[in-house]
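> next comes the sequence, and after it the predicted model I'd like to discuss.
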Amino acid sequence: MRVCGELPCKIVQEPTRMTRICSKEHSMCSNNSRSMALKYTWTLLVAVLSLGVSQGQTFFPSPPDSVNGSDKKPTNQQFSSIDYSLYHHSDTLLEEIKALVARHPDKIQMKLLKSTRTGYSAEIAVVTFASRQQETEDGQKTRILLNFGQHGREMITSEVALRLLKALAGEYRLLGLHKSSLNYILQKLIIKVVPMENLNGRRIVEAGKLCERKNGRGVDTNRNWSVDWGKKEKDYDPSEEYPGTAPFSEPETQIMRNLAHSFRPHLWVNVHSGMEALFMPFDHKNTTPNGATAHLMKLMLQKLNLLHCKNNCVVGSGGGSVGYLAHGTSTDYMYEIVKVPMAFTFEIYGEPKASSNDCFKLFNPTDSAVFERVLENWCTAFFRVFMDLASRLYNLSTEAFEKLEGNDMSTAKKHQNRDLIRNDYHTSRKVALDFFYKPS
């Protein structure tokens, strides 16, 4: 900082030139001061250049980066790209799942569900796990629907889906889980896994648009459901969350809606990345549901936060915890319309230190050790959810018995009912879900 007459000025080094900046209000100096300033500037410039020459350096600007064949403006090449030594290409991932199904037809099956809307088509693979494939016992088993890859850029979620399917098939063993207890629980579950809901959007990401979250024609499929559809907050960004022309305007959401109504899950989890969080309804308003099931949902999330997030996950309603309201989401639809008793959104990874332009790193681990840790941690978390569900249903059925029998029943009768449902899983499940789950 120096003084030009009475005006403060400074010499600054800009990327392509040495320049002198004076205050905006006084752009002119006197002729005498201007002459003195020019003399001072040349003296300083000669001294700086002499120093640089003596040290073998140059202070002349480099040619424009484009001349050297590079561009320093933010581009995907400057930031993290997809590492296919860690991540599967979408086609490869689906082929690997097909091969897994072929090796274990007694445990898992896969169907391709297709839909077309106004010239735009989508295809979603749905993998069903059922021990011994006793589909006829669907009504006697607890039904779970897990959704991955709803946003194209969140590739890590589909990798978790693949690892989870391998574990269900018995080809991958997760540490810290008791095998015999797990097998006993799995016999009582039917689990449907959607490994990649937004295949068209994923292919756009693989083609180089690493920030893309929407589907193949620019609609956010997690804003295209009917609960509070189309409402826009002040910070609404159509490039991120365009909800479409109407609820269920997209074939992806039509497929998922039909699947949910036909399967009628007792548990829904929509898996995302971008942060570490465990959400329950609601997304479109800053509140959580009331009642027994809502209380048990909170307990489940608190347990998961302790065991799998080291108490670092954000826990609560999506609308109340994430800092913004989201309208037209799948989890709110599952809870409000399909009447799924337990509906969650899990956010399994985020890198807060990544540049806002480095989309791949923001949503996906780029380090192999972190990548493996995310897969192991969240697959184990899902199996804990499966096992925890049985005990939660017991608690629900105990409360249901007491409410159905009335508060005036004897203590002995209450103990008898508790023993009954403790010893009979199917009775426990049926009483709990008949009472709390009333489908539309």
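Noted; the coordinates are in hand. Residues are numbered from 1 along each chain as shown.
> residue 387: neighbour count?
Residue 387: 16 surrounding residues under other CB atoms under 10 Å. All C-beta spots, glycine's among them, are computed from the backbone N, C-alpha and C.
> next one: it, what pLDDT does it get?
Residue-level confidence at residue 387 comes out at 84, pLDDT.
> what's the helix or strand for it?
Assigned by DSSP states H and E, residue 387 belongs to helix 368-405.
> then residue 323?
Using DSSP H and E, residue 323 sits within no helix or strand.
> same question for the one 10 residues further on.
Assessed by DSSP H and E, residue 333 sits inside helix 330-336.
> next SSE after that helix?
Following helix 330-336 in sequence, per DSSP H and E, is strand 342-349.
> pLDDT on that following strand, on average?
In the prediction, strand 342-349 has an average pLDDT of 97.
> now the element after that strand, going C-ward?
Following strand 342-349 in sequence order, the next helix or strand is helix 359-363 (DSSP H and E).
> which helices and strands does that next one pack with?
If contacts are counted by 3 or more CB pairs under 8 Å, 6 or more residues apart in numbering; DSSP states H and E, helix 359-363 sits against helix 155-169.
> what's the helix or strand following the helix it packs on packed up against?
Once the chain leaves helix 155-169, the next helix or strand it forms, by DSSP H and E, is helix 179-186. Applying 3+ CB pairs under 8 Å, 6+ apart, one finds that helix 179-186 makes contact with helix 368-405.
> hmm, back to that, counting by contacts, list what the helix holding residue 333 packs against.
For helix 330-336, the elements it packs on are helix 251-263, strand 267-272, strand 342-349, judged by 3+ CB pairs under 8 Å, 6+ apart.
> of the ones you listed, which is nearest residue 328?
helix 251-263 (9.1 Å; CB to CB).
> can you mark which positions in the closest one are buried?
251, 252, 253, 254, 255, 256, 257, 259, 260, 263 (16 or more other CB atoms under 10 Å).
> so which of those comes closest to residue 180?
Out of the buried residues of helix 251-263, the member with the shortest distance to residue 180 (by CB to CB) is residue 263, at 28.1 Å.
> so residue 356 sits against residue 362, correct?
Yes: the criterion here is CB atoms under 8 Å, and residue 356 meets it with residue 362 at 7.4 Å.
> ok, back up a step: tell me which of the helices and strands packed on helix 330-336 sits nearest to residue 240.
Among those, the nearest to residue 240 by CB to CB is strand 267-272 (13.3 Å).
> partner strands of the closest one, with direction?
Looking at strand 267-272 with DSSP bridges, its partner strands are strand 142-147 (parallel), strand 342-349 (parallel).
> format those as TSV; extra columns: distance to residue 119.
Shown next, in TSV, are the strands paired with strand 267-272 (distance: least, CB to CB, whole Å):
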stretch	distance to residue 119
strand 142-147	25
strand 342-349	31
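> mind putting these into TSV with mean neighbour count and distance to residue 314?
Formatted as TSV, these follow (neighbours: other CB atoms under 10 Å; distance: least, CB to CB, whole Å):
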stretch	mean neighbour count	distance to residue 314
strand 142-147	23	20
strand 342-349	25	8
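> nearest to residue 122, out of these?
strand 142-147 (14.1 Å).
> helix, strand or coil for the nearest residue to residue 219 once chain neighbours are set aside?
Closest residue to residue 219 apart from its sequence neighbours, by CB to CB, 6 or more residues apart in numbering: residue 244 at 4.2 Å. In three-state terms, and counting by DSSP: H, G, I helix; E, B strand; the rest coil, residue 244 is coil.
> need the contact list for residue 244.
Residues near residue 244 by CB atoms under 8 Å, 6 or more residues apart in numbering: 219, 220, 223, 224, 250.
> in what helix or strand does the first one lie?
In other words, residue 219. Secondary structure (DSSP H and E) places residue 219 outside all helices and strands.
> per-residue confidence for residue 30?
Here the pLDDT value assigned to residue 30 is 37.
> no no, residue 24
30.
> sorry, back to before: pick out whichever of the buried residues of helix 251-263 sits closest to residue 236.
Closest to residue 236 out of the buried residues of helix 251-263 is residue 253 (19.1 Å), distances taken as CB to CB.
> thought the closest one was touching residue 221?
Yes: judged on CB under 8 Å, residue 253 makes contact with residue 221 at a distance of 5.4 Å.
> between those two, which contacts overlap?
Common neighbours of residue 253 and residue 221 (CB under 8 Å, 6+ apart) are residue 330.
> fine, thanks again, bye for now.
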